[in-house]
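A.B. asks: Would you be able to build a 3D model of this:
(one chain, ligands or ions: 1)
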Amino acid sequence: MSKKIVVIGGGGAGTGAATIAIQRDRSLDVTLITEFEDIAYSPCGIPYVFGRQIEKFDGLFLQPLQFYRDMGIKLCTETLVERIDINKRSVYSNKGQEFPFDVLILCTGWEYEVPDLPNVDLDGIVYIKNIRQAMEIDKRLDQVKKAVVWNSKPLGVELIAELPHRGIETHLVDPSPWLMADFTDADMMEPLQQYLINDVGVKLHFGTDLLGFKGQNGKLTHAQTSAGDIEADMAFLVAPMKPATKLAKSIGIKTGSTGGIIVDNHMRTNVPNVYAAGACIEVLHGLLNIPVNLIPGSYAYPQGRLAGLNAAGGDEAYRPVYVPWGIGAKVQVGGVLVSETMAKAMGMPYIVGKATGITAARYHPAHEMMIVKLLVDPNTRRVIGAQFTGGEGVKERADFLAFAIRKGTTVEELATMENVYSPPIGALGEPIANAAKNALAVLGG
Ligand SMILES: Cc1cc2nc3c(=O)[nH]c(=O)nc-3n(C[C@H](O)[C@H](O)[C@H](O)COP(=O)(O)OP(=O)(O)OC[C@H]3O[C@@H](n4cnc5c(N)ncnc54)[C@H](O)[C@@H]3O)c2cc1C
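C.D. replies: Numbering: from 1, shown residues only. Model prediction:
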């Protein structure tokens with residue numbers, strides 16, 4: 001009898017786990033169960049379809065379901081797992097099916113924490129997660145005149161940047177003082193905020209609490225905020241996202257301080273033969289040495305691949321994370337944890353080196369401004385965080401700095417880095433090196 005692997009979840013993690021498992025060992029009996037209609041699509045593109053930067057949803061699907069069936073994976077879509085019997089080694093669905101397993105991989109992802117606000121169930125109040133629901137919302141957007149987006153987590157920032165392209169008057173309501181304030185610094189968000197206000201036409205209501213909603217005939221008409229009512233036909237709630245761990249907990253799997261499932265570096269939970277991966281787990285932050293729960297697909301997919309590989313007999317280890325991030329279009333922001341805001345909150349010693357440079361030769365029309373902010377530990381002289389504001393090149397710099405921090409790079413090493421000089425793609429001086437030199441000046445080096 002072939003070994004049975006059951007994967008719960010069809011997001012980045014579940015799809016990655018099931019495909020690598022069968023690719024590694026064709027004799028395995030691999031089943032993937034998901035409550036959604038689809039697997040292997042990129043929800044990340046949804047805000048850009050709303051804004052018509054991407055024309056249609058079709059391109060967000062990686063492969064049709066048949067592709068995975070042809071690969072040998074047994075796919076059970078629109079199937080909710082209601083219960084796991086760990087002694088019997090079986091999972092049970094809402095359709096009365098039983099799926100026996102030798103190895104179980106939990107890729108149950110994340111879910112929104114629905115806020116307890118008056119009239120939160122009015123028609124027009126939406127959450128973006130499943131692509132089919134997003135397609136239904138998209139059909140309504142041509143009739144939407146005014147929208148409210150609650151809070152500037154990255155998805156909220158994408159929504160406020162995109163909805164105005166559909167002619168929608170868009171309001172951000174956010175209790176924080178600036179964009180993505182949990183992990184960014186005010187000075188580095190200012191250019192993006194100015195762009196959103198002046199070029200895109202978004203109304204930013206910072207320091208403003210969402211208090212509830214008003215409606216007529218069951219339909220949303222206003223969002224109620226601490227700064228007064230805002231007229232709205234649609235409200236996008238980017239509510240806190242929490243790891244979905246109900247099934248895991250029901251079989252005694254331990255969760256940690258972030259609420260995510262605790263796994264070892266092979267993605268094994270504390271229950272034998274049960275693995276977990278993706279937005280439902282927590283992993284170690286390499287610099288801070290604390291667990292973090294990460295929602296992005298850039299973590300879910302490789303973690304799922306690792307869980308699937310090890311479940312199929314492999315032996316590969318996951319490394320601690322350093323978390324580069326980036327967002328934007330014309331004006332881009334990005335970085336790698338930690339920010340000055342976070343360092344202050346955690347009482348970490350730091351100094352700042354900041355520089356404004358350009359991304360191409362000053363005489364080439366392609367050149368754009370690039371602001372770099374580096375955080376350096378004054379004791380070890382190692383770089384501990386970075387943020388960038390500019391245009392093209394933010395993502396690459398964030399990735400590079402995440403790698404540099406992972407390697408324990410010092411500010412001296414960064415100040416003497418080499419760089420490409422080619423008029424359309426790089427200036428004579430690299431803004432990162434200039435920021436590092438400015439940090440050295442602060443340190444008295
Ligand atoms: C609008 C949007 C934009 C995003 N943008 C980005 C981006 O720009 N960059 C980025 O890196 N990431 C982005 N993400 C995050 C990312 O795409 C995924 O959410 C992330 O990869 C997490 O993947 P996951 O597989 O761990 O979990 P999820 O994607 O949450 O998938 C969980 C799966 O588990 C299934 N499931 C859960 N419980 C059960 C059950 N009891 N029975 C059956 N099935 C169950 C669900 O059906 C689902 O298939 C975005 C997400 C959204 C929604």
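A.B. asks: Near the ligand, which residues of the stretch 101-250 of the chain are found?
C.D. replies: 107, 108, 109, 110, 128, 129, 155, 244, 247 (C-beta under 6 Å from any ligand atom). (C-beta placed from N, C-alpha, C; glycine too.)
A.B. asks: Just give me the neighbour total for the third one.
C.D. replies: Residue 109 has 23 neighbouring residues, counting by other C-beta atoms under 10 Å.
A.B. asks: Could you pull up phi and psi at it?
C.D. replies: phi 70, psi -140 (degrees, to the nearest 10).
A.B. asks: In terms of secondary structure, what does the longest helix along the chain contact?
C.D. replies: Longest helix of the chain, by residue count under DSSP state H: helix 297-311. Packed against helix 297-311 by the contact rule (3 or more C-beta pairs under 8 Å, 6 or more residues apart in numbering; DSSP states H and E) you find strand 4-8, helix 12-24, strand 103-106, strand 274-276, strand 281-284.
A.B. asks: Check what contacts that helix and list those residues.
C.D. replies: 5, 7, 11-21, 24, 42-44, 103, 105, 107, 109, 266-268, 275-279, 281, 283, 294, 316, 318, 321 (C-beta atoms under 8 Å, 6 or more residues apart in numbering).
A.B. asks: same thing but at 6 Å, please
C.D. replies: 5, 12-13, 16-17, 20-21, 103, 105, 107, 266-267, 275, 277-279, 316, 318 (C-beta atoms under 6 Å, 6 or more residues apart in numbering).
A.B. asks: ok, now stretch 111-125?
C.D. replies: Against stretch 111-125 from outside (C-beta under 6 Å, 6+ apart): 127, 212-213, 215, 218-220, 233-235, 239-240, 242, 244.
A.B. asks: Flag every buried residue along that stretch.
C.D. replies: 111, 117, 119, 122, 124, 125 (16 or more other C-beta atoms under 10 Å).
A.B. asks: quick one on the thing from earlier: tell me which of the residues of the stretch 101-250 of the chain next to the ligand fall in strands.
C.D. replies: The strands, defined by DSSP state E, take in residue 110 from these.
A.B. asks: from the residues of the stretch 101-250 of the chain next to the ligand, which single one is nearest the ligand?
C.D. replies: residue 109 (2.1 Å; C-beta to the nearest ligand atom).
A.B. asks: who touches the closest one in this structure?
C.D. replies: Applying C-beta under 6 Å, 6+ apart, the residues near residue 109 are 9, 11, 244, 278, 279, 280.
A.B. asks: Return the residues of the stretch 251-400 of the chain in contact with the ligand.
C.D. replies: Counting by C-beta under 6 Å from any ligand atom, the stretch 251-400 of the chain sits next to the ligand at 278, 279, 295, 296, 297, 298, 300.
A.B. asks: Only whichever of these are buried, select them in PyMOL.
C.D. replies: Burial among these is assessed by 16+ other C-beta under 10 Å; the matching PyMOL selection reads:
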select buried, resi 278+279+295+297+300
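A.B. asks: mind putting the residues of the stretch 251-400 of the chain next to the ligand in TSV, pLDDT and distance to residue 52 included?
C.D. replies: Shown next, in TSV, are these (pLDDT from 0 to 100; distance: C-beta to C-beta, whole Å):
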residue	pLDDT	distance to residue 52
278	98	30
279	98	28
295	95	25
296	95	24
297	95	22
298	96	25
300	98	27
